[in-house]
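Q: heads up, no residue letters with this:
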């Protein structure tokens, strides 16, 4: 029996033991996201006009950039997020991140591709890279949620994924507990790129949440120091900023 058949049998057993559930309400649902949650998510969708840099929803087309981006120098070019980080999205992402709901990542990735395939094709990334976790945190959690997203998006769009070249060199305090300036300080020298990395022109970074952009910026900065020309990002959700 070949590997494909074995994997299909495994998947069938898993789906019998753990039926598909909606990642936003946990009700059994074969369609991924249930109809009720689809309606809620529609209201949380980040819509145009968006900030031309971080992709956050803004009040008017004339504005072009959100307050954060007008007052901050970013190292990345552009980014997009699917939903505003509010209930039930924030609860769902929390489960995905901290409670081993890895399967949610497949559904989030499908939604990201459905929502942003045209933009990704316009960016023409050479590779996709997940924002890394510190090794000790990854060991404790058992996985990196950003890597699950990156690999799934790469598989759908047939874009190579590099989840080894970017590393987290310093165990930082959780960003959500810190203020804006503390976040920047917290991430100083937190990331590095392995010497084996072969610089490409365009990188697409993938993470779960974008808040102030300090994490994406810190990673973008080290990539650009290694010769990457353009950095873009995708996240499931985005915060309201400052």
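A: Received it, and whenever you're ready, just let me know what you need. As the structure is a prediction and not an experimental result, all values here were calculated from the model. Numbers count the residues shown, from 1 in each chain.
Q: could you point out which element follows whichever strand or helix holds residue 128?
A: Residue 128 is part of strand 127-130 when elements are defined by DSSP states H and E. Per DSSP H and E, the first helix or strand lying C-terminal to strand 127-130 is helix 135-141.
Q: Give me the residues contacting that next one.
A: Applying CB atoms under 8 Å, 6 or more residues apart in numbering, the contact partners of helix 135-141 are 97, 98, 133, 144, 168, 171. No exception for glycine: its C-beta is placed from N, CA and C like everyone else's.
Q: Identify all contacting residues around stretch 38-52.
A: Contacts of stretch 38-52 (CB under 8 Å, 6+ apart): 24, 33, 55-61, 63-66, 68-69, 78, 80-84, 86, 88-89, 238.
Q: what's the neighbour count on residue 136?
A: Other residues near residue 136 number 10, with proximity taken as other CB atoms under 10 Å.
Q: Dig out what the residue most central in space within the chain forms beta bridges with.
A: Most central in the chain under CA atoms, centre = their mean is residue 207, positioned 2.4 Å from the mean C-alpha point. Counting by DSSP bridges, residue 207 forms beta bridges with residue 235.
Q: contacting residues around it?
A: Residue 207 touches 130, 131, 146, 149, 215, 216, 233, 234, 235, counting by CB under 8 Å, 6+ apart.
Q: And it, how close does it get to residue 114?
A: 19 Å (CB to CB, to the nearest Å).
Q: about what we covered before: any of the contacts of stretch 38-52 buried? List them.
A: When those are checked for burial by 16 or more other CB atoms under 10 Å, the buried set is 24, 33, 55-58, 65-66, 68-69, 78, 80-84, 88-89, 238.
Q: Tell me which entries of the contacts of stretch 38-52 lie within helices.
A: 68, 69, 89 (DSSP state H).
Q: In contact with residue 234, which residues are there?
A: Here residue 234 is in contact with 79, 80, 81, 112, 116, 120, 149, 153, 204, 205, 206, 207 (CB under 8 Å, 6+ apart).
Q: Ok, residue 227 next?
A: So residue 227 contacts residue 199 (CB under 8 Å, 6+ apart).
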